[in-house]
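[1] quick one: sequence and predicted model below, then my questions.
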Amino acid sequence: MARLHIEGRFFTPPETADIESKAREAFAYIPRELRHILGDVVIQVVDFPDDETLEEMDCESPFDLLGLYRGVSLLHRSNFDLMREADIIYLYRRPILDYWCETGEDLGEVVRHVLIHEIGHHFGFSDEDMERIEQQQEA
């Protein structure tokens, strides 16, 4: 199927690569100090959370979860930790697109919001902290 994308508007559903691009753009606007501390966090876009994640997060529908941080937050890390798996931020494409269609918000803004929220979990930030970071970015 041919994709049609004109001047920032999608006329076919955005694909994984489109969400990844929006996530890269959003990540570039995260304050440098935070990006440096994030280190090698992996951002992975998949269509839906797996069944185990849905059960763990007590979701009623696969559309309930837009993103998820998997890893050990900085608040819970220790210098004595043995080697561990890389931290991953999952962005769930189909729930993000569903939310985007329901709200009419800009897709880049939706992706940015989800990404900031999940990065906030990495740092152990409260929802209020994350809201403040987003407001600073908008200014």
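    Thanks, I have it. The structure presented is a predicted model; accordingly, all values stated were derived computationally and were not measured. Residues are numbered from 1 along each chain as shown.
[2] where exactly do the helices run in this protein?
    For the chain, applying DSSP state H gives helices covering 16-28, 32-38, 51-56, 93-103, 107-123, 127-138.
[3] quick check: which of the ones you listed is buried the most?
    Mean neighbours per residue, mean count of other Cβ atoms under 10 Å, is largest over the helices of the chain for helix 107-123, with a mean of 20. All C-beta spots, glycine's among them, are computed from the backbone N, C-alpha and C.
[4] what's that helix in contact with?
    By Cβ atoms under 8 Å, 6 or more residues apart in numbering, the residues outside helix 107-123 that reach it are 10, 14, 18-19, 22-23, 25-27, 29-30, 34, 37-38, 41, 43, 66-69, 71, 73-75, 87, 89-91, 96-97, 99-100, 103, 126-127, 129-130, 133-134, 137.
[5] let's see 7 Å
    Here helix 107-123 makes contact (Cβ atoms under 7 Å, 6 or more residues apart in numbering) with 14, 19, 22-23, 25-27, 30, 34, 38, 41, 66-69, 71, 73-74, 87, 89, 91, 96, 99-100, 129-130, 133-134.
[6] same question, stretch 35-48
    Under the contact criterion Cβ under 7 Å, 6+ apart, stretch 35-48 has outside partners 16, 19-20, 23, 27, 62, 86-94, 119, 122.
[7] spit out the contact partners of Ile133.
    Going by Cβ under 7 Å, 6+ apart, Ile133 touches Ile116.
[8] separation between Asp50 and His121?
    Going from Asp50 to His121 by Cβ to Cβ, to the nearest Å gives 18 Å.
[9] oh sorry, the question was meant for Asp47
    Look at Asp47 and His121: by Cβ to Cβ, they are 21 Å apart.
[10] also Met130?
    Plainly put, Met130 is 9 Å away from His121 if you go by Cβ to Cβ.
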